[in-house]
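1. sequence and predicted structure below; questions after.
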Amino acid sequence: MGYRLSNSTSDNLSNIVDGSDPAAAIDAAFAEWSNHCGIAFARGSDSTVQNVGYDGVNLVTFANTAANRAAVGSAGARTLFWHNALNNLFEADIIFNPDVWFSTIETPDVLDIEALAAH
């Protein structure tokens, strides 16, 4: 199963602690899922898509857009799923709250990207 990061994912985002590597943390979280569930996840090329939505892209995004803020609400992150009546999964997107601070280095009072993504 493939996933893609929005092409704005980096420590240059205003809510990512400098020196963090969000892409590596997301990859590590997917590797953890693979180890526990037996599904092979593969990262594809970065996507120009910034907003979560049923669009054929299994997206992971930190983008600060109105659509993403509405989708995530007050949660640190949220996973959205699209499936049919038989529960066949078509797509899943992960949105990290653009109003919350994230890090991949130990930082007090800041959410760890890998831990949150692997939840």
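-> Received it, and whenever you're ready, just let me know what you need.
2. for residue 105, grab the count of nearby residues.
-> Neighbourhood size, residue 105 [other Cβ atoms under 10 Å]: 13. For every residue, glycine as well, the C-beta is placed using N, CA and C.
3. distance check, it against residue 11.
-> Separation of residue 105 from residue 11 (Cβ to Cβ, to the nearest Å): 10 Å.
4. now do residue 88
-> Going from residue 88 to residue 11 by Cβ to Cβ gives 37 Å.
5. what residues are up against the most centrally placed residue in the chain?
-> Centroid-nearest residue in the chain: residue 60, 3.3 Å away (criterion: Cα atoms, centre = their mean). Shown in contact with residue 60 (Cβ atoms under 8 Å, 6 or more residues apart in numbering): 3-6, 9, 26, 93-94, 96, 117.
6. relative to the whole chain's centre, how far out is the helix or strand that contains it?
-> For residue 60, the host element (DSSP states H and E) is strand 59-61. Relative to the mean C-alpha coordinate of its chain, strand 59-61 is positioned 4 Å out (Cα atoms, centre = their mean, to the nearest Å).
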